[in-house]
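>>> Give the three-dimensional model of this entry:
(one chain, ligands or ions: 2)
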Amino acid sequence: MSRLDRNFGPGRGERRPDYDRRMSAGDLGIPPAPPIEGAEHLHSGKVRDLYRLPGGDLLMVASDRISAYDFVLDTTIPDKGAVLTQMSLWWFERLADLVPNHVLSVDVPAAVKGRAVVCESLAMFPVECVARGYLTGSGLREYADTGAVCGIALPDGLVDGSRLESPLFTPATKAELGDHDENVSYDVVAGQVGEQTAGRLRDLTLAVYGRAEEVARERGIILADTKLEFGARPDGTIVLADEVLTPDSSRFWPAEEWSPGRAQPSFDKDVVRGWLTSPESGWDRTSGEAPPRLPDEVVERTRSRYIEAYERLTGRTF
Ligand code: ATP
Ligand code: MG
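Residues are numbered from 1 along each chain as shown. Ligands and ions are numbered 1, 2, ... in the order given. As a prediction, this is how the structure comes out:
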């Protein structure tokens with residue numbers, strides 16, 4: 001799939017994405033998108049199905065699929081798509097004074113009510129805009145190897161879960177379906193999208209992180225890091241797109257359990273990852289084989305975790 005195929009924006013996305021050159025959506029375990037009357041299916045990612053509506057706007061549907069270790073699992077998590085969609089909408093509202101967002105309406109076909117939005121069709125920037133306030137995951141691995149993250153040198157002695165002195169913009173290339181994203185330096189992004197746009201993406205990413213970190217902290221949740229995606233309108237306006245500040249795109253840690261020097265408990269796929277890598281699952285991560293189905297109990301605990309994150313953040317009942 002070429003970079004352009006990722007863009008569904010005006011003048012760019014008339015072709016269907018071409019999965020053939022790499023792994024196909026099917027190889028990744030992504031089931032065919034359900035037909036929606038009056039909407040044309042454009043693309044299925046690991047979690048979301050994208051459709052074009054008559055008139056050109058997009059319908060972005062969050063499924064209940066869950067991915068782990070770069071596989072889309074056979075097992076779905078009931079209500080996950082709705083939780084993620086509602087959480088994104090809640091955050092978009094709280095960020096609206098910082099950056100425009102792609103949401104046009106929540107008036108969607110009945111079949112996808114609550115887990116879909118109508119959004120502007122943007123020309124997406126091929127950059128995962130990541131902000132990190134704490135060191136973990138790929139950032140920690142890079143730091144352990146090089147003492148830096150995305151070319152930003154960090155002080156000695158940091159450990160898993162350490163709070164960074166100030167939040168960092170640590171972009172990653174948006175990988176092709178089935179590939180890993182790769183951390184890159186700011187200069188690589190500037191080379192890709194131009195200096196001015198790169199600067200805007202960085203400033204917006206850090207502004208969103210700053211706001212969200214504060215909101216989450218008031219609710220006893222640490223926002224360790226988050227991944228944002230931006231796109232451009234035909235007039236060049238940069239718009240916040242995709243999902244925002246969900247457990248799929250961010251690391252949320254219960255603040256009361258934060259303890260640097262170990263992996264932190266989190267409001268996301270911890271339960272799934274823990275089970276998959278336990279002897280109980282019988283799965284060998286290095287085998288290249290698809291993971292087994294999740295037991296009901298793991299599904300239920302994962303579902304509760306997502307709902308708990310939503311309720312704790314928003315103060316609403318799901
Ligand atoms: P990939 O993004 O690699 O296809 P993914 O698993 O991240 O895999 P999803 O998040 O499930 O994919 O799918 C959402 C897709 O929709 C992403 O490719 C994202 O860049 C794109 N997207 C989100 N918002 C918009 C928008 N407003 N206009 C155009 N494309 C968008
Ligand atoms: Mg995505």
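>>> hey, let's count contacts and neighbours off CA atoms from now on
Noted.
>>> The biggest strand by length in the chain: how far from the chain's middle?
In the chain, with assignment by DSSP state E, the single longest strand is strand 221-232. Averaging C-alpha positions (C-alpha atoms, centre = their mean, to the nearest Å) puts strand 221-232 8 Å from its chain's average.
>>> swap in stretch 154-168?
22 Å.
>>> Let me see the contact set for the residue in the stretch 201-318 of the chain positioned nearest to ligand 1.
Going by C-alpha to the nearest ligand atom, ligand 1 is nearest to D242 of the stretch 201-318 of the chain, at 3.6 Å. When contacts are counted by C-alpha atoms under 8 Å, 6 or more residues apart in numbering, D242 touches H102, L228, E229, F230.
>>> same thing with F92?
N101, V244.
>>> would you say it is within a helix?
Yes: under DSSP: H, G, I helix; E, B strand; the rest coil, F92 sits within a helix.
>>> now what about the lengthiest helix in the chain, what contacts it?
Counting by DSSP state H, the longest helix found in the chain is helix 195-218. With contacts defined as C-alpha under 8 Å, 6+ apart, helix 195-218 is touched by 95, 98-99, 129-131, 167-169, 186, 189-190, 222-223, 225-226, 228, 230, 245, 255, 313.
>>> Any buried residues in that helix, and which?
Residues of helix 195-218 classed as buried: 197-198, 201-202, 204-210, 212-213, 215-216 (neighbour count, 16 or more other C-alpha atoms under 10 Å).
>>> all helices in the chain, in order from the N-terminus.
Here the chain has its helices, by DSSP H, at 80-95, 137-146, 186-193, 195-218, 270-276, 296-314.
>>> Quick one: mean pLDDT for the shortest one?
Predicted confidence along helix 270-276 averages 94 (mean pLDDT).
>>> before we move on, what about the last one?
Summarised as a single mean, pLDDT over helix 296-314 is 97.
>>> ok so, going back, are any of the contacts of helix 195-218 buried, and which?
95, 99, 129-131, 167-169, 186, 189, 222-223, 225-226, 228, 230, 245, 255, 313.
>>> Quick one: closest of the helices of the chain to R285.
helix 270-276 (8.2 Å; C-alpha to C-alpha).
>>> So what touches that closest one?
A68, Y69, S281, G282, W283, P291, P292, L294, V298, V299, R301, T302.
>>> In contact with the fourth one, which residues?
It refers to G282. G282 makes contacts with L276, as judged by C-alpha under 8 Å, 6+ apart.
>>> Dihedrals phi and psi, it?
Backbone torsions of G282, given as degrees, to the nearest 10, read phi 70, psi 10.
>>> Contact partners for A241?
Taking C-alpha under 8 Å, 6+ apart as the test, what A241 contacts is N101, H102, V103, L228, E229, F230, G231.
>>> can you check P155 too?
Taking C-alpha under 8 Å, 6+ apart as the test, what P155 contacts is G147.
>>> For the chain, which residues score under the pLDDT cut-off?
Scanning the chain for pLDDT under 70 picks out 1-27, 177-178.
>>> Outline the domain layout of it.
12-119, 123-257 (automatic domain parsing).
>>> thinking again about what came up before, just the contacts of D242 now: which is nearest I36?
Nearest to I36 among the contacts of D242, with distances taken as C-alpha to C-alpha, is H102, at 20.9 Å.
>>> Could you double-check that the closest one sits in contact with E120?
Yes: H102 sits in contact with E120 when judged by C-alpha atoms under 8 Å, with a separation of 5.1 Å.
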